[in-house]
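# Requesting a structural model of the entry that follows:
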Amino acid sequence: MRRSRIAPVLAVSALATLIPALTPATASAAPAAPAAAADPMKQYTQQKPRWQRCDAQGPAAHQCAMIKVPLDYGRPGGKKIEIAISRMKASSSSERRGALLLNPGGPGGEGLGMPPLMALELPAAVTKQYDLVGFDPRGVGQSSPVSCGLKDDERNWERPYKAATFAKDVAWARTVAEKCRAKGGDALLHFTTRNTARDMDVVRAVLGEKKISYLGYSYGTYLGAVYTQMFPQRADRFVLDSAVDPQRIWRGMIQVWAEGAEPAFTHWSEWTAKRHAQYKLGDTPAKVRKSFWDLVAQADRKPIDVDGTPMTGDDIRAGRAIFFDADVAAQQVADLKKAAAGKKPAPTRERGSSPSPVPPSFARAVPSDNGDASFWAVVCADTRSWPRDPEQYRRDAVRDKAKYPLYGDFASNIKPCAFWKNGPEQATTIDNKVGALVLQNEWDSQTPLTSGQGLRRAMKGSRMVTVLGGEGHGIYGSKSCADKTATAYLTTGKLPAKDLTCRTPAGQRKDRLQLPLPTPPGIPGLPGTRDRF
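Numbering: from 1, shown residues only. Sure, this is the predicted structure:
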C-alpha cells in the first residue's frame, strides 16, 4: 500500500463498455462496445488536452494538462472529476513506440512529477521509444484531491495492540471512517483501484494510443495488474516492480509486513553477528537478537532519549522495516544501544530523501491529509473482506503479536475499514495470461518476496526476475542486475523464456532511485514517512 534512491508508507477500454452496470470484478475484460453514435464516453475519450509547461523551474519538455473523467463510470453523464497528467515525449520520433504510463505506488502516491525523474534514471534505449506519461491518480494531489479533515493525531495509524488502549483504538478507527464519510459521502466510494484503471484507459484514448505500456512500482503493480485484467487487449508491455499480492488486498498486505519482518530480522541478526567488532551487538545471532529485545524491554520500562525524542519499545518495534537493510539496521540499533547507556550516538548516516513531485503551474492546494484520505479510500473500498467485528481484530492482534513479535499486533490491530461503507464493486480477481514482467528484491520491506511471488502466480503470462540479496523497495532504474532484463523487455517486447534470478554482488549496495516512493521510518534518525505500498 505507500526511500533512498527507489524505496518505501495501495481503467477503461472502449469506455462505453463500462456503462452497463460496472461489470463484475471477476470478468477478465470489458464487454464489446456499443455503436459509436450511442457512446456516452466520447466526451471523455475524444478530449484534446491543453498541454502547458508544468513548472517554470522544471524541464520545458515536461508538459502538463487536465482531463475530465466520470466520478462513477456507471453514470458517465453524472458528476465529473479532473485527472492531472503529464508527459515528456520520446527523444527519437523515428524510434517512438508509444506511451509508457508511470505510477510510483501508494495508494496515495503522486505521479505527476515522474517523467523528468524517470528520464534521468531509465536507459536511453527506453526513453527513445516511449513518451513518459505521469499522472496523479483520482483523489490524489492535483487530481480532484480528497480529504477527510483529519487532525494530525488521527492520521497516526501505527497502533500496537494493548488491552488497556484497544477501546481507544476502536474509537479512533470509527472516527476516521465517520469523518471520511461526512466529508466525502458516497462519492468517496468511487476512488478505487478499478476506477483508477478506468481513468488510465481514458488517458490512453486521449493520447491516441491503441495500447499502453506501463511501469508501476509497489501499489502501482496492483493497479497495473487490475488494468490487465479489465483491459487485456489494451495492455502492451507492463513492468510491475516490487509487487503486491492481489490475493491479499488489503488487510493481508498490511499483515505481510509483519510476516516478512521476521525472516528479515533473522537474516539481520546473522549478518550483524559476523560484524560484532564493528557494532558490538553480539557475536552470535542469539546474542544480537537479545541485544535488540533487551533495548525494547528497557524502553518499555522507561523511554530511551534519542536526540531529545523519547523512544518507547513500541516506537522501536514500529521501525521493523529497517531489518530488510542489514547494515542500516545494525547502525541504528548500535546507536540506540549507546543512547540507552546515556551516550551520544555518532551522527546517523542519512539516505537522500526522495524529491517532491513537480507541481504544474495550475497547481491547486492539496489538503494536508490527502495522502491518508486517498489511502483509506482505496484500501477500504477496493474490497469487502475487511472484518466488521472489533473483537476479531483484537483476537488477531493478540495471536499475531505472539507469532510475529516485531510487528504482528501493529499489522492486525483495528483499522478504519472496519467501519467503512462497502464500495459498489467487489475486489478484482486477477487471473489472466497477459504478458508482464515482475521484478522483486529478496529483501523488500514493503512488498516482501512472498507478495511478488503471489502476483507472479496470479498473472500466468508473466515472468519474474528475483534479485537475490537485493535490498530496498523498488528495482528498475537502480542499476541492479534486473535492469538489463527489464530494458530488453520494454525495447523488444520479449519476455524471458522462464523466471530468472540474479544476485547482487557481495558487498555491493545498489543505487537508490530518486523517485517519490515511500520509505518507512527507522528507529532513530532514519528519515521516512509512514508506511505505504
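# Show me what the longest helix that the chain contains packs onto, helices and strands only.
Longest helix in the chain by number of residues (criterion: DSSP state H): helix 251-273. Judged by 3 or more CB pairs under 8 Å, 6 or more residues apart in numbering; DSSP states H and E, the packing partners of helix 251-273 are helix 285-301, helix 326-340, helix 408-412, helix 449-458. Every C-beta, even on glycine, is put in place using the N, C-alpha and C of the backbone.
# Now do it: distance to the chain's middle.
Relative to its chain's centre, helix 251-273 lies at 18 Å (CA atoms, centre = their mean, to the nearest Å).
# Mind listing what's buried along that helix?
251-265, 267-269, 271-273 (16 or more other CB atoms under 10 Å).
# Thr228: which of the helices and strands packed on helix 251-273 is closest?
Distances from Thr228 to each of those were compared using CB to CB; the minimum, 10.1 Å, belongs to helix 449-458.
# next SSE after the closest one?
Beyond helix 449-458 on the C-terminal side, the first helix or strand identified by DSSP states H and E is strand 462-471.
# That next one pairs with which strands, parallel or anti?
Strand pairing for strand 462-471, using DSSP bridges, gives strand 436-443 (parallel), strand 500-503 (parallel).
# can you state the direction angle for the first one and helix 251-273?
Strand 436-443 and helix 251-273 meet at an angle of 40 degrees, taking axes from the mean of the first three to the mean of the last three CA atoms, to 10 degrees as the criterion.
# Would you mind checking the average pLDDT for strand 436-443?
Taken as a whole, strand 436-443 carries a mean pLDDT of 97.
# what separates that strand from the chain centre, distance-wise?
Centroid displacement of strand 436-443 relative to its chain, using CA atoms, centre = their mean, is 14 Å.
# Just want the angle from that strand to helix 326-340.
For the pair strand 436-443 and helix 326-340, the angle between their directions (the same axes, to 10 degrees) equals 40 degrees.
# what angle sits between strand 436-443 and helix 449-458?
Between the axes of strand 436-443 and helix 449-458, defined by the same axes, to 10 degrees, the angle is 160 degrees.
# Leaving out the residues flanking it, which one is nearest to Leu240?
Closest residue to Leu240 apart from its sequence neighbours, by CB to CB, 6 or more residues apart in numbering: Thr221 at 3.9 Å.
# For that neighbour, list the residues it contacts.
In this structure, Thr221 makes contact with Leu240, Asp241, Ser242, Ala243, Val244, Val438, Thr447, Leu455, judged by CB atoms under 8 Å, 6 or more residues apart in numbering.
# Those in helices, which ones?
Secondary structure from DSSP H places Leu455 of the contacts of Thr221 in helices.
# can the contacts of Thr221 go into JSON lines with extra columns for neighbour count and distance to Ala225?
Putting the contacts of Thr221 into JSON lines (neighbours: other CB atoms under 10 Å; distance: CB to CB, whole Å) gives the following:
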{"residue": "Leu240", "neighbour count": "30", "distance to Ala225": "7"}
{"residue": "Asp241", "neighbour count": "32", "distance to Ala225": "12"}
{"residue": "Ser242", "neighbour count": "34", "distance to Ala225": "13"}
{"residue": "Ala243", "neighbour count": "34", "distance to Ala225": "8"}
{"residue": "Val244", "neighbour count": "32", "distance to Ala225": "8"}
{"residue": "Val438", "neighbour count": "26", "distance to Ala225": "9"}
{"residue": "Thr447", "neighbour count": "33", "distance to Ala225": "13"}
{"residue": "Leu455", "neighbour count": "27", "distance to Ala225": "6"}
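# Which of the contacts of Thr221 sits closest to Ala90?
The nearest member of the contacts of Thr221 to Ala90, counting by CB to CB, is Asp241 at 20.9 Å.
# any weak-confidence spans in the stretch 301-450 of the chain?
In the predicted model of the stretch 301-450 of the chain, residues 345-362 satisfy pLDDT under 70.
# Let me see the ranges of the helices in it.
Under the criterion DSSP state H, counting those that start in this stretch, helices of the stretch 301-450 of the chain are mapped to 313-317, 326-340, 370-381, 390-403, 408-412, 449-458.
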